[in-house]
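*Asks:* 3D model of this:
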Amino acid sequence: MAKKKIPCSLQKLPLHDSTMVKETPSLWKAFVLICAALAVVPFFIGVMSSRVISPNALLDHRNETRRNSIGNAPNKSPMVPVDSIPISDKTRDDYLKAVTRFQSEKDGSSDPFDGVQLVIHQNGVTEPCAVAVEDSNPMTFSTGLMETYEKMYGKVARKSGDSKEKVRLNKLSKHEFDNIFTSFVATYQIDRTSCAPNDPPPRLTSDIPALFDFCDMGEERTPILPDHNNLERNKGYLPCHFHTREGLRVTSLRQLSQLVRTKRLSRSEFTSTAACPEGDETCYFDSIDREVINLDLYAVPAARNFIFAPSYVGEIFELDHVSVPGALPVSLEVMSLSPRVFDVRNFYNLDEADDIVERALNEKSESHKIKRSSTGASGYNVNSQRTSENGFDTNGHTAMAVKKRAFEVLGFDEYTESFADGLQVLRYNQSTAYIPHLDWIDDDHKRERHDFDSSAKGTNRFGTILLYMTDLPENGGGETVFPKAWPSQDPQNNIVLDDALKLVRESGDVELFKKGSWQEKMVAQCKSKLSAKPARAKAVLFYSQTPGGERDKESLHGGCPVLHGQKWAANLWVWNGPRSGYQGSPVNQWVKDEEEANRKKGMNPPTPHVELQGQFFNKGNSLAEMYFENTFWAKFGPEDPPVYVNTYEGHTWNVKVEGKVVKTW
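*Replies:* Next comes the predicted model:
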């Protein structure tokens, strides 16, 4: 008799086979026993080993969570949700290794965040506002991350082979990551009362972690930036974005894992390049220290910008993430704590410095060429106490490279043209100077259309990077002075203004100027207050705003009179959002009221109010010139960066090649 396969199911056996019918009683008993064994034994094994399968284990986990969060840390109250569904170790490990490209280490660890202790700082503040305490948190770093992801976005794969969900977790946008990580930190890592803002906005409920109040400053203090509609919310709150001490924005779990890996490698006492295959960036070394690793991260409120948090003069920030020609290491050295002033080392090179000067000298357009400097929020206004000359480079190769590099230094993860002015190139001949002033544009009476109140919903100049393109002789002057900051931390090494005036008069340094003139006073200030001496290819960074967006009055600065030689410099102003005139830039309330009143009267707003941002590319083979109607704007060749323009509906732009109009918009 031919043997038949017996399916392992509870279906009835085929009774039409007479031979089988006779054998049914004994075969049926054997069949039932075999199937029961195959089904029941693995089930009990799973119950014993998996919290996900076992209801009792889930209950034990919840009770353990309650005991640990209350009993072991009476002064801590981490917001551990007792109704969360724990994720099995295998599922969590598979996910994290797939997302972070983590490779299990030789010591058996399978957790990319093993031993990590978060240290959270508020933006621009040296001292941490919270340190995660392991004993007060029953969940590991990785488990908490995964639980947060599941609770907020759902559909976490229970099967380790589900690649679709791995991709989903791996493809989180930076805004989704911000949302998850803010909730994770506030819920699982720090005390719910930690990191509260100094002036929290009014809320409908107090039953939320304090970090949420810090991250979301409220509608009246949150500028509307171009990515506003992409921001994620949790329980109605906007999340923070997080940066390293050096300003690098963290935008993914993979990047976070890489930061931890770098920390581990830097702490290792011994590394052997032979331990890992060449080019394998995921490989670890045997001797890596597995102790607790402090990961300092700086929380920045939604729609606000990262600001460095220096703790002492002379402190160094190594900016390994900033790329420059020649792959030189870029770093900041702290020159002053208040105002925040930094010497930016290797920000740009000698060739770039020379190119900026050469392009400025060759510029022929009336709007961009070197001419007497002006001041003010709008229009061309000559100031008798600003005697320098300036021009603008809006789209040159070097100008664009420097602008994008400045964004990297300042902690932006992407470049936005509307957040920066063109590169203002300055020439100071002998005796020329610029009286101390703020780069932050003052419009306290709100007479301008643009809303410059950066402490609320407005935008203004946020940070300035000064570039020096020439050397000056010893005692040649031309420094950038910060009158509200002393040059030395030791008061005995500083001199007051009256004493400095006597010294410069005796030395003959001020013989170019009348006694009692503002120029003479500035020379004395430059000798007695904090100042940056010009040097070819040198750069200095300072901030015009506080971390909360307020005007930093300590950032007062001026261009010292040039006593000998000629000084070339450049200003790069970076804003905290779209600058005046660009699409999406904020306007004052009177503008909105006026437009609303006109709308009710059936009047359409004038065409110039419809703002546009244009980018012009040269895809031809010839040098082209851009004109606003008949006014020259810029030159751009086939290899040049695009020309960015701020314009309005109804404006006309012409492109000329060899003097002939070849294209009109």
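
*Asks:* looking at this structure, which helix or strand is least sure?
*Replies:* The weakest-scoring helix or strand in the chain, judged by mean pLDDT, DSSP states H and E, is helix 55-71 (a mean of 30).

*Asks:* what about F392, which SS state?
*Replies:* Following DSSP: H, G, I helix; E, B strand; the rest coil, we place F392 in the strand state.

*Asks:* Which residue, other than its chain neighbours, is closest to it?
*Replies:* Spatial nearest neighbour of F392, excluding adjacent residues (CB to CB, 6 or more residues apart in numbering): G422 at 4.4 Å. Where C-beta positions appear, they are placed from N, C-alpha and C, glycine not excepted.

*Asks:* Share the number of residues neighbouring that neighbour, please.
*Replies:* Neighbourhood size, G422 [other CB atoms under 10 Å]: 21.

*Asks:* I'd assumed N390 was in contact with it.
*Replies:* No: between G422 and N390 there is no contact under CB atoms under 8 Å: 10.7 Å.

*Asks:* so where does R427 fall, helix or strand?
*Replies:* If you go by DSSP states H and E, R427 is part of strand 423-428.

*Asks:* try V344
*Replies:* Following DSSP H and E, one finds V344 within strand 341-345.

*Asks:* so what does the helix or strand just after that strand touch, helix or strand wise?
*Replies:* Elements were assigned by DSSP H and E; along the chain past strand 341-345, the next helix or strand is helix 350-362. With contacts taken as 3 or more CB pairs under 8 Å, 6 or more residues apart in numbering; DSSP states H and E, helix 350-362 sits against strand 389-393, helix 397-409, strand 423-428, strand 461-468, strand 567-575.

*Asks:* looking only at pLDDT, what's the mean for helix 350-362?
*Replies:* Across helix 350-362, the average pLDDT comes to 94.

*Asks:* Now do the buried residues in it.
*Replies:* For helix 350-362, the neighbour count (16 or more other CB atoms under 10 Å) marks 352-357, 359-360 as buried.

*Asks:* closest to G314 among the residues you listed?
*Replies:* Minimum distance to G314 across the buried residues of helix 350-362 is 25.4 Å, recorded for A353 (CB to CB).

*Asks:* That closest one reaches R536, doesn't it?
*Replies:* Yes: counting by CB under 8 Å, A353 does reach R536; the two are 5.7 Å apart.

*Asks:* who touches both of those two?
*Replies:* 468-470 (CB atoms under 8 Å, 6 or more residues apart in numbering).

*Asks:* Going by neighbour count, which of those residues comes out on top?
*Replies:* Scoring these on neighbours with other CB under 10 Å, the highest-scoring entry is M469 at 26 neighbours.

*Asks:* Distance of it relative to K567?
*Replies:* When distance is defined by CB to CB, to the nearest Å, M469 is 8 Å away from K567.

*Asks:* Can you list the buried residues in stretch 594-602?
*Replies:* Residues of stretch 594-602 classed as buried: E595 (neighbour count, 16+ other CB under 10 Å).

*Asks:* What does the residue nearest to F392 show for phi and psi?
*Replies:* Backbone torsions of G422, given as degrees, to the nearest 10, read phi -70, psi 160.

*Asks:* Poorly predicted segments of the chain, please.
*Replies:* 1-110, 133-139, 154-170, 203-206, 267-291, 372-387, 605-613, 628-633, 644-651 (pLDDT under 70).

*Asks:* how about a cut-off of 80?
*Replies:* Applying pLDDT under 80 to the chain flags residues 1-112, 133-140, 153-171, 200-207, 265-292, 364-367, 372-388, 604-617, 621, 625-651.

*Asks:* so which of the helices and strands packed on helix 350-362 comes closest to Y415?
*Replies:* Counting by CB to CB, Y415 lies closest to helix 397-409 out of those; the figure is 4.7 Å.

*Asks:* give the contact list for Q424.
*Replies:* Residues counted as contacts of Q424 (CB under 8 Å, 6+ apart) are 390-392, 570-573.

*Asks:* what number of residues lie near the residue lying closest to it once chain neighbours are set aside?
*Replies:* Excluding the flanking residues, the one nearest Q424 by CB to CB, 6+ apart is N571, at 4.4 Å. N571 sits with 18 neighbouring residues when counted by other CB under 10 Å.
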